Structure formats: structure tokens, C-alpha cells
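**Student:** Below is the sequence, then the predicted model.
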Amino acid sequence: MALFLLGLVLFPFAWIVLTSFRSLGEAMTVPPRILPTKWTVEAYKKLFGPRNFISYILNSIIVAGASVALGTLIGGLTAYGLSRFRFRGKLQTNVFILICLSFPGPLLVVPFFQIMVNVGLFDKISGLILAYLTFNLPFITWTLKTYFDTIPKEIDEAASIDGCSPFLIFWKIVNPLARPGYVATGIYAFLNSWNEYMFALSLTKSEASRTIPVALGSLVGEFMTDWPVIMAGAVIASVPVIIAFFFMQKQLIQGLTGGALKG
Amino acid sequence: MSSKVRFSLSSEKAAPYVFVLPGVIALAVLIVYPAALALVNSLQVPNGWSFENYHNILNDSVVWQALWNTCIFALFSVIGHYLLGLAIALLINHQIYMESFFRVCFLIPWMFPAVVPGIIWMWMLHGQFGIINALLQGFGFIDRYVSWLGNPHTALPMVIIANIWRGFPILMVTFLAGLQTIPEELYDAADVDGAGSLKKFWYITLPHLRAVSIVMLLIDTIWQFNSFTIVQTMTQGGPGNTTQVLATLIYKYAFNYNMYEVGSALGILLLIIMLIPGSLYVYNVVKND
């Protein structure tokens, strides 16, 4: 039963892989054959030849990497503060982070576009990095906070008695212990950024600042839609993610469920 | 600089704010400021302030259609995600050796960059070369190939199906994690009392998944209401606005028509609608925290 359902769920994935190894002519035969009669990497060649697919991949990596790094730097501090201290305004800060976490992104796209045009960051990778912080920062902050909550406070207290300052405790003692939490949160946020479409579509224009999702989307709109090439692009964009999941599934699933589940 | 930081950190009272403030300020700049700008934009007209933009969008039949489509899209997507996610979680929960294999395989639809599911389903539903047409015709369900995404009656259901396929894994994973927190003794005790599996599901499993379910249903509702990518890639709101949702309409007004003030007003409308599920979500998470 589970295997049957799995087959059904995975069929669309198998179908794009099979399509990506066809020639354009064979993809457009009616009725379609399940297996290509002639396997070919023509589509992959077209993807990396005339089209600048490698530069889109690099853009995606830079945007996602930088945004996650910035988000982790700022979010880690905030998360630690929320997890460890009692202070006035703590509840309000928690609520604020959660509001940001569930804030409607489509509302932000229009003002972000206007701001980016005004400050000269429209169609720039750096503008996208900032835009991606709108969802990365709240997510990283909250997920890290729930992770810090699982590390016993007694550790901090012992260090505090030994005369460590709060910043030293955070940096030297809690951070190393929280490394699995950082890894899970970071990879998950990276994937979210890697996959993002709406901001990337609205805040970039030129080839030079395109990310993979935008490049894939624009292939669909071309005059003569070359389906095997699109499918090859989809495979290239997805395979790194799938491989990452297979190797790090424990940490990633913790990152996925950390925000919703306790402990 | 560093001595100043150490000084403020050494004071018990200041330390939490030193940690928390950078993030709060960053979020204020990144989220509160743009949102405020959108509000100002939507209220500004050439000769002063007015609700004209809101008046206009509320009298626009396309906006109402998008609102209705968004509700249908979100409702069926969330129900689909929930039921499929729960069913598959229950199915693979007791597969001791295969569980992690199944878990990661069932997650695949969710790993794709958001444009890919849209592209995959466009291709499968293609009016001329689509495999779904070939299969349905092969089994005799349809006489002629159907342009599923070009037909106003079938486009929205197809987009919803694609969206359910894409989104259920996240619910499944959360349910699996939730199922693992249920103590096995409860089921053993129920066995002793002679309870059937349906009864065990109703009286043990479901109540234990309650807290997770509420949070996930709320956040998924918020996500689906804001859904943009799958609609934009599959239909761009067409044919004839039959799949237009609020997010794609905002994009259309702002970036196809350059009517930023209308886009902003629609964004504020979306925010107002999101106040209910949003505040319930925040309340529930803070309560569980």
C-alpha cells in the first residue's frame, strides 16, 4: 500500500527525469511513450551551452548563502536572548517575531520593489539578499530559539558563576552545543531561499542577476517551448536538494518540525 | 568599541537587549517599514489622502473573483495537505525498517524549487503531449485530449491538485514526529481493553495530534493564502482570471500594469484577511512555548 502510494506520488518526478533525456521531437510524440526510445543528453547540453545556466546556479548559491549567513548571525543573537533571559518586553518580542514569521510576503513585494529602485539595489543580487531576510530572519530566530530552549540553562548558570560574561557564554559554550540546531536551521533556510520565486521574479530584470527559479520560469514563456530543456533544468535545480535531504535527513526533519513541535 | 560592548553586557539589565535588539531592528526595517510604505502608498492619491484605491478594488469584480479563488484554493489545498499528510504518516509510521526511506521519498515533491512542481504539472497536463491525457484516453475516461489548464472549468482544480501534491509532505513529516511522541503503553492498554484500531485512532492518536494539527492547519492556511508561485507558473491567473489569486493579482497590477498603489492596496487587503489566522497562529505558538 505504502509502495503503491509512493509510486503514485513519485510518478511526476520520474516523468520529468524521463522527459529530460528525450530529444525535442520525441517529447512531442502522441501518445507519449513511457521510456524514451533513444536516450540523449541533448537537453542538458543545450542548458549549459547557449544558456548561462551555471551563472544562475551561482547566483542562487550566493543569494541563499549570504542571506542565511546574515540571518544566522543576527538571528542567533536574538534567539539566545529570547531563550535565556527574562526582561521587560520579552513576550512582545516573541509575538513580534511570530508575526514576522507569518507575515504575508505578497504585501512586501511592491514596497520592496520601490525601495530597491530608490536605493539603487533593484536588479542587484544584494537587494535579493536583503529581501530574503524577510523570511529567513524570523524563521532562523524562532527555530534557533526552540533549539536553545532544549539546552539546559544550568550550563549557562555554572559558567556565569565562574565569571563568564553572557556574550562569552553564548559564543564559547552554548553555540558549540547548538551546532546541530544551526546546521538544520541553516540548511532548511538555504533551501527556502534556493526555491524562492516571487521576490526573485519581481526584484530582478537582467540575465546577470537571475536565479534558477526565475531562469526556469522564463524558459516556459519562450516562444517555442523546449520541454526537454525545461525538464533538464528542473532536474538540475532539484537534484542537489534531494541529495542533501538523503544525506542529512535527520537534521533537516528536525529543522522542519522544530518550529511546530516542542522537544 | 569592544570595551563598550563588554561594559553593557556585564550589566545584568542591558544584556538581554544587546542580544535581542539587532534582530528586532532588522525586522522592523525589513518588514514593518515596507508594510507601512505600502499602507501610505495605497492611501495616497495625486491630490492628498483618500480611500479611493480601496473603493476601487472593492468595486472591481476581478478582485472579488480573486478573493473567492484564493479561498477555494486555500481551503481545498489545506484539507488535501492535511488528509494526505495524515494518511501517509499513519501508513508509514509502523514500517520500522523502511520508515526513514519512505519518509525521505515522500518528501520529494516538497524539495523542488517552487517553480518546478508547476512546470511538471503543466507538462503532464499538456493539451497536446500530456501524459495525463494519454493515460485517461488509454483507460477510456475521455474521448479527446483536454486542455486542462486552458479550460476555465478545470484550470483551478488542476492547480489545486498540483498544489496538494507539492505541499502535503510538510504536514506528513510533522505528523510523523507527532506520532512518535505518543507513548506505546497507551496502545497496549487499549489492546487489553479490547479496543479496535478505529477506536484507538479516535481516542489516542487524534487527541495527541491535536496541538500539532492546530498549529499546522493555521500556518498552512496562511501559506496557501499567500501562495504565488504555483499559480504564476501554471496559469498566471488565467484563463480569464479563473485561477487568479490575490498574490498573482498583486503581481499583475504592480508589475504588468505598473499600478503600484493598487498592488499595495491589495496587499493591505491580504494582510487584513490574514489577521484572523495570523493572530490565532501567534496565540497558539506562544501558548505552547
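**Tutor:** Structure received. Numbers count the residues shown, from 1 in each chain, chains lettered A, B, ... in the order given.
**Student:** Give me the number of neighbouring residues for the residue lying closest to residue A:61 once chain neighbours are set aside.
**Tutor:** The shortest distance from residue A:61 to any non-neighbouring residue, by CB to CB, 6 or more residues apart in numbering or on different chains, is to residue A:194 (8.0 Å). All C-beta spots, glycine's among them, are computed from the backbone N, C-alpha and C. Using other CB atoms under 10 Å in any protein chain shown, residue A:194 has 25 neighbouring residues.
**Student:** so residue A:194 sits in a helix?
**Tutor:** Yes: counting by DSSP: H, G, I helix; E, B strand; the rest coil, residue A:194 falls inside a helix.
**Student:** my read: it touches residue B:113, true?
**Tutor:** Yes: between residue A:194 and residue B:113 there is a contact under CB atoms under 8 Å: 6.4 Å.
**Student:** who's in contact with stretch A:229-244?
**Tutor:** Residues outside stretch A:229-244 that contact it (CB atoms under 8 Å, 6 or more residues apart in numbering or on different chains) are A:16-17, A:19-20, A:43-44, A:46-47, A:51, A:53, A:57, A:187, A:191, A:194-195, A:212-213, A:215-216, A:219-220, A:252, B:108, B:111-113, B:116, B:119-120, B:123.
**Student:** One more: stretch A:19-28?
**Tutor:** A:33, A:36-44, A:226-228, A:231-232, A:234-235, B:123, B:128-129.
**Student:** so what does the longest helix seen in chain B touch, helix or strand wise?
**Tutor:** Counting by DSSP state H, the longest helix found in chain B is helix B:61-93. Judged by 3 or more CB pairs under 8 Å, 6 or more residues apart in numbering or on different chains; DSSP states H and E, the packing partners of helix B:61-93 are helix A:2-20, helix B:99-106, helix B:155-179, helix B:210-225, helix B:246-251.
**Student:** Of all these, which one is nearest residue A:139?
**Tutor:** Distance to residue A:139, taken as CB to CB, is lowest for helix B:210-225 among these, at 11.3 Å.
**Student:** Past the closest one, which element shows up next along the chain?
**Tutor:** helix B:229-234 (DSSP states H and E).
**Student:** right, is that following helix up against chain A?
**Tutor:** Yes: Helix B:229-234 is in contact with chain A by CB under 8 Å from any CB of the partner chain, via B:229, B:232-233.
**Student:** By neighbour count, which of these wins?
**Tutor:** Busiest of the residues of helix B:229-234 next to chain A [other CB under 10 Å] is residue B:233, holding 26 neighbours.
**Student:** Chain neighbours aside, what residue packs nearest to it?
**Tutor:** residue B:118 (3.1 Å).
**Student:** Send me the host helix or strand of that neighbour as CSV with only the CA atoms.
**Tutor:** Assessed by DSSP H and E, residue B:118 sits inside helix B:115-124. Only the C-alpha atoms of helix B:115-124 are listed here, as CSV (Å, rounded to 0.1, in the frame of the first residue of the first chain):
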residue,chain,number,x,y,z
VAL,B,115,8.5,26.7,-9.9
VAL,B,116,9.3,23.0,-10.6
PRO,B,117,6.0,21.5,-9.4
GLY,B,118,4.1,24.0,-11.5
ILE,B,119,6.3,23.2,-14.6
ILE,B,120,5.9,19.4,-14.0
TRP,B,121,2.2,19.5,-13.8
MET,B,122,1.9,21.9,-16.8
TRP,B,123,3.8,19.3,-18.8
MET,B,124,1.8,16.4,-17.6
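**Student:** tell me, how many neighbours does residue 35 end up with?
**Tutor:** Since you didn't name a chain, this refers to chain A. 8.
**Student:** I was after chain B.
**Tutor:** 19.
**Student:** One more: residue B:272?
**Tutor:** So residue B:272, with other CB under 10 Å, has 10 neighbours.
**Student:** returning to what we had before: what's the closest of the helices and strands packed on helix B:61-93 to residue B:28?
**Tutor:** Using CB to CB, the nearest of the helices and strands packed on helix B:61-93 to residue B:28 is helix B:210-225, at 20.8 Å.
**Student:** hmm, which helix or strand of chain A has the shakiest average pLDDT?
**Tutor:** Of all helical and strand segments in chain A, the minimum by mean pLDDT, DSSP states H and E falls on helix A:249-258, at a mean of 68.
**Student:** Retrieve the pLDDT associated with residue 222.
**Tutor:** Let's take chain A. You'll see residue A:222 listed with a pLDDT of 63.
**Student:** let's do chain B instead
**Tutor:** 94.
**Student:** go on, residue B:73?
**Tutor:** 97.
**Student:** Ok, residue B:245 next?
**Tutor:** 96.
**Student:** Residue B:148 now?
**Tutor:** On the pLDDT scale, residue B:148 gets 88.
**Student:** which residues does the closest residue to it other than its chain neighbours contact?
**Tutor:** If you skip the residues right next to it in sequence, residue B:148 has residue B:125 as its closest partner in space, 4.2 Å away by CB to CB, 6+ apart. Residue B:125 sits next to B:132-133, B:148-149, B:158 when contact means CB under 8 Å, 6+ apart.
**Student:** The residue nearest to residue B:233: neighbour count?
**Tutor:** Residue B:118 has 27 nearby residues by other CB under 10 Å.
**Student:** Am I right that it is in contact with residue B:228?
**Tutor:** No: the pair residue B:118 / residue B:228 is not scored as a contact, 10.5 Å apart, by CB under 8 Å.
**Student:** Now find how far off-centre the helix or strand that contains residue B:187 is within its chain.
**Tutor:** If you go by DSSP H and E, residue B:187 is part of helix B:184-192. Its chain's C-alpha centre and that of helix B:184-192 lie 36 Å apart, by CA atoms, centre = their mean, to the nearest Å.
**Student:** Counting by contacts, list what it packs against.
**Tutor:** helix B:197-200.
**Student:** which among the contacts of stretch A:229-244 end up buried?
**Tutor:** Among these, those that count as buried by neighbour count (16 or more other CB atoms under 10 Å in any protein chain shown) are A:16, A:19-20, A:43-44, A:46-47, A:51, A:53, A:57, A:187, A:191, A:194-195, A:212-213, A:215-216, A:219-220, A:252, B:108, B:111-113, B:116, B:119-120, B:123.
**Student:** Thanks again, I'm all set now.
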